[in-house]
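In: Turn this into a model:
(chains A and B)
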Amino acid sequence: MKLDDDALDRALCSQPLEEPPPDLRASILARTAYRAAPPFSIGEIVAVASVVGVVLWLLVGMGPVIGSAIASAFSNVTTLLWLAAGAAVTFWLEFFTSAQPSRALARRAKGHARP
Amino acid sequence: MAALLQRVDARLTFGPDDGALVASAIAGDGEAFAALVRRYDRPVYHLAYRTLRDAEEARDVAQETFFKAYRSLRTFRPDAKFSTWLFSIAYHACCDRLNRRKRFSGEELPERADSTPGPEHCVIALDEAERLRDAIAQLPEKYRVVVTLYHLQGKQYDEIARVLGLPMGTVKTHLFRAKEQLRRLLGRSMNEAR
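Out: Numbering: from 1, shown residues only, chains lettered A, B, ... in the order given. Have a look, this model is predicted:
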């Protein structure tokens, strides 16, 4: 091998490139250009995460407020009276009026209905 | 010489130019990036193998290089040369691995770096190309990488300097010294072969 500058340049530039492993190209392509598309787009993930975040924030931030509102409502005598009145009316309509829809249905089912 | 360099360049740039392929890949054309992979996987592997002298690590670096390039394709400046950008990513990945080796072993390169027999064992059987390849493998890392990029990029010192992040004068000096060492190594191996 002649060792002058041009010969060395020629030898360097005509060096064959190393042969890469046979599956290198396939593995690169599988990780880049041909990789499977993700099931959700980034926009969708961001939107869902934002909604979940807002809901959690509301639950954590407003939870005590809602709880105290319910507690104060049930500690009010007027509210309790109105609830009791509503329950009594429901009970009366259900058992002591002529309509008695649920009792009548139950009797018919058992064969006690009048002909 | 010029014809040889053109041949090397043509081997790397057959088909649509890199800029057009990069633009298509950014627009979402996977096939365009696949064409870039097909064009540059061998040169990138070659650079990694020559720098690290370890086939497994060279393979990892080649994969890492294209993965990083794919993820940061939007940061590629259209006025830059794609091969320079890609080789730069590959070279920095190699540097990371060399630094890790130094940290663990305290040496520049470990013994396991090259599993093929060294030139001292089979110098008589080697032909000229193999002698040259082994001589390159014996160069210090900083010279070896300059010679490898000289081979891949042709006589474009500015591109080599950009890949390595070195002044162009330093690249020329490294190349000059690398050639001096190569001449010495080749001369020695020829004397041993006689």
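
In: make it CA atoms for all contacts and neighbour counts henceforth
Out: Fine.

In: near chain A, which residues of chain B?
Out: B:1, B:4-5, B:8, B:30-31, B:33-34, B:37-38, B:41-43, B:45-46, B:49, B:59, B:63, B:66-67, B:70, B:128-129, B:132-133, B:147, B:150-152, B:154, B:179, B:183, B:187, B:190 (Cα under 8 Å from any Cα of the partner chain).

In: Buried ones among those residues?
Out: When burial is judged by neighbour count using 16 or more other Cα atoms under 10 Å in any protein chain shown, the buried members of the residues of chain B next to chain A are B:5, B:8, B:30, B:33-34, B:37, B:41-43, B:45-46, B:49, B:59, B:63, B:66-67, B:70, B:132-133, B:147, B:150-152, B:154, B:179, B:183, B:190.

In: who in chain A is up against chain B?
Out: A:1, A:3, A:6, A:8-15, A:17-21, A:24-25, A:27-29, A:31-34.

In: Which ones among the buried ones among the residues of chain B next to chain A map onto helices?
Out: Those of these mapping onto helices are B:5, B:8, B:30, B:33-34, B:37, B:41-43, B:45-46, B:49, B:59, B:63, B:66-67, B:70, B:132-133, B:147, B:150-152, B:179, B:183, B:190, per DSSP state H.

In: Can you say which of the residues of chain A next to chain B are buried?
Out: Counted by 16+ other Cα under 10 Å, the residues of chain A next to chain B give A:3, A:8-9, A:11-13, A:17-18, A:20, A:24-25, A:28-29, A:32-33 as buried.

In: Next, work out how far apart A:Val55 and chain B are.
Out: 33 Å (Cα to the nearest Cα, to the nearest Å).

In: Which strand or helix spans that residue?
Out: Using DSSP states H and E, A:Val55 sits within helix A:42-74.

In: got it, and A:Ala33?
Out: A:Ala33 belongs to no helix or strand, assigned by DSSP H and E.

In: Same check on B:Cys94?
Out: Judged by DSSP H and E, B:Cys94 forms part of helix B:82-105.

In: any idea how far that helix is from the chain center?
Out: Relative to its chain's centre, helix B:82-105 lies at 11 Å (Cα atoms, centre = their mean, to the nearest Å).

In: Contacts made by that helix with the rest, please.
Out: Residues from elsewhere that reach helix B:82-105, judged by Cα atoms under 8 Å, 6 or more residues apart in numbering or on different chains: B:18-19, B:40, B:44, B:47-48, B:51-52, B:61-62, B:64-66, B:68-69, B:76, B:107-110, B:159-160, B:162-164.

In: Out of those, which end up buried?
Out: Buried, going by 16+ other Cα under 10 Å: B:18-19, B:40, B:44, B:47-48, B:51-52, B:61-62, B:64-66, B:69, B:76, B:109-110, B:159-160, B:162-164, out of the contacts of helix B:82-105.
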